[in-house]
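> sequence isn't available, so here's the structure alone:
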């Protein structure tokens, strides 16, 4: 019996649900598709083509692909406070 199986009866239900929601398999859909460039990956997965994507995709100083799925979300929130168009 593994420690995980042993602890399961003592683990609160909400923690078990969080574990399912944030499992490695569930998070794979956010991985960067290295066969595409960043802009095409974001456009294809999230159907987003805003100004923030252009700024992100053309940046050459700090290249980050790990969390690029946040770009459409940032645009949504920045738009609300008048930062993005």
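Perfect, thanks for sending it. Values in this document were obtained by computation on a predicted structure and should not be read as measured data.
> for this protein, name the helix or strand with the lowest mean pLDDT.
One helix or strand of the chain scores below all others by mean pLDDT, DSSP states H and E: helix 24-27, with a mean of 66.
> how many neighbours does residue 17 have?
10 (other CB atoms under 10 Å). The way it works is simple: take the backbone N, C-alpha and C, and place the C-beta from them, glycine included.
> roughly how far does it sit from residue 69?
When distance is defined by CB to CB, to the nearest Å, residue 17 is 22 Å away from residue 69.
> tell me the secondary structure at residue 62.
coil (DSSP: H, G, I helix; E, B strand; the rest coil).
> next one, pLDDT for it please.
Turning to residue 62, the model gives it a pLDDT of 75.
> show me what contacts it?
By CB atoms under 8 Å, 6 or more residues apart in numbering, no residues touch residue 62.
> what does the helix or strand containing residue 78 rub up against?
Secondary structure assignment for residue 78, by DSSP states H and E: helix 71-80. Contacts to helix 71-80, defined as CB under 8 Å, 6+ apart, come from residues 42, 46, 48, 50-53, 56, 84-85.
> sounds good, over and out.
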